[in-house]
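heads up, no residue letters with this:
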């Protein structure tokens with residue numbers, strides 16, 4: 001995996017590997033991460049909000065490259081316009 005410090009403990013490495021999973025279907029959720037062994041001492045289930053899973057159905061869409069490029073350009077342009085408006 002990655003070059004980690006020799007002081008990194010097994011639960012920390014396990015949590016990091018689960019959080020960095022590229023497959024959203026198998027990646028650990030925020031709720032699961034907060035109850036993970038490595039973070040358990042900091043967890044307060046009575047004070048941890050939950051949310052509906054993010055809709056990632058777009059991941060399964062079969063669009064051609066020009067469509068994805070135009071979508072990405074639109075998002076970048078929209079974000080840049082927001083930043084410009086904030087600066088004015």
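Looks like it arrived, so ask away. Here the structure is a predicted model, which is why all the values come from computation and not from measurement.

mind listing what residue 14 touches?
Taking C-beta atoms under 8 Å, 6 or more residues apart in numbering as the contact definition, residue 14 lies against 36, 37, 38. The way it works is simple: take the backbone N, C-alpha and C, and place the C-beta from them, glycine included.

Redo the residues you listed as TSV? Include secondary structure.
TSV is the format used below for the contacts of residue 14 (DSSP: H, G, I helix; E, B strand; the rest coil):
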residue	secondary structure
36	coil
37	coil
38	coil
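
filter the residues you listed to the buried ones?
Buried residues within these, counting neighbours by 16 or more other C-beta atoms under 10 Å: 36, 38.

contacting residues around stretch 24-34?
15, 18-19, 21, 36, 39, 42-43, 48, 50-51, 53-54, 56, 59.

same thing but 7 Å
15, 18, 19, 21, 39, 43, 48, 50, 56, 59 (C-beta atoms under 7 Å, 6 or more residues apart in numbering).

So of these, which two are at opposite extremes in space?
Spanning the widest gap among the contacts of stretch 24-34 are 43 and 59, at 29.4 Å by C-beta to C-beta.

okay, those two: which has more neighbours?
Legend: neighbour count by other C-beta atoms under 10 Å for residue 43 and residue 59, higher for residue 43 (14 against 9).

Quick check: closest non-adjacent residue to that one.
residue 34 (5.2 Å; C-beta to C-beta, 6 or more residues apart in numbering).

Could you export the contacts of residue 14 to CSV, including columns for pLDDT?
As requested, the contacts of residue 14 are exported to CSV (pLDDT from 0 to 100):
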residue, pLDDT
36, 93
37, 92
38, 93
